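S.K.: got a predicted structure plus its sequence, pasted below:
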Amino acid sequence: MIEQRLLREGLRAVLPEGYEVVAETSTGKEALILSAHTRPDIAIVGLPVPDIHPDSLITKLRQESPRIRVLVLSALDNVDVVTGVLRAGAVAFVAKTAAPEILIAALLNAASGHFYVCPEAASKLAEYIHRGGANLLSVRERQVLEAIAAGSSSKEIAEQLHLELSTIQGYRKTLMRKLGAQNVAALLRAADRQGLLAGGVSRDGLSPAPAGGSDV
């Protein structure tokens, strides 16, 4: 599933012999439908996905077809993207700037049941882990966290950030996983302990009310 048409055509041109494209689409929802019908061995997911959080898409693809191997092709602007898709179940990650032979290596490894991360992403992952990056949040994740702390619902956050509801739900799951929380109260307490919330939280795990009044 690759959003950009030119990129999809370019991928067709570099596919090694023996590989066949059985379906292609530009949206996550269509990818789930096509995957259920065609049962591909490998799904190439190009980011960004316009209508669903990539972690949710990968999880759903694997739930629908447990044997599918997901290869993610993405810009390497944020290492959180790499860690997120790998945790969701992708077996390979390739930066969009990588040479064609890197993509081929990723395909061959994925087809063989092996994991593969392109050298550029592997270098960033090593740096990320070395500096304790497992607890860091992306800019967007911080925005969602602050909105949750302010008491906004997922629907309200989606409207505020101009994103799909499913995307916000994906971010909430990612935040829960990263901070080891099972519910919103625990999420906010964990975020407060790590200094991720500017205003802090009260004992019950809710953000303090603004000075001069409280919300009902």
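M.R.: Yes, it's here.
S.K.: distance from the lowest-mean-pLDDT helix or strand in the chain to the middle of the chain?
M.R.: Within the chain, no helix or strand scores below helix 5-14, which has a mean of 75 by mean pLDDT, DSSP states H and E. The chain centroid and the centroid of helix 5-14 are separated by 23 Å, computed with Cα atoms, centre = their mean, to the nearest Å.
S.K.: and the chain, what are its domains?
M.R.: Residue ranges for the domains of the chain, per automatic domain parsing: 5-130, 138-193.
S.K.: now render the ones you listed as a markdown table, adding mean neighbour count.
M.R.: Heads up, the C-betas are built off the backbone N, CA and C, glycines and all. Below are those laid out as a markdown table (neighbours: other Cβ atoms under 10 Å):
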| stretch | mean neighbour count |
| --- | --- |
| domain 5-130 | 17 |
| domain 138-193 | 17 |
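S.K.: touching the least confident helix or strand of the chain from outside, list them.
M.R.: For helix 5-14, the surrounding residues in contact (Cβ atoms under 8 Å, 6 or more residues apart in numbering) are Ile2, Val21, Glu24, Ser26, Ile44, Gly46, Leu73, Lys96, Pro100, Leu103, Ile104.
S.K.: what two of those are the furthest from one another?
M.R.: For the contacts of helix 5-14, the maximum inter-member distance is 23.2 Å, found between Ser26 and Ile104 (Cβ to Cβ).
S.K.: can you give me the end-to-end span of stretch 60-69?
M.R.: 12 Å (Cα to Cα, to the nearest Å).
S.K.: list of residues touching that stretch?
M.R.: By Cβ under 8 Å, 6+ apart, stretch 60-69 touches 31-32, 35-36, 39-43, 45, 70, 89, 91-92, 110-111, 113.
S.K.: now with 6 Å?
M.R.: Applying Cβ atoms under 6 Å, 6 or more residues apart in numbering, the external contacts of stretch 60-69 come out as Leu32, Ser35, Ala36, Arg39, Ile42, Ala43, Gly89, Val91, Ala110.
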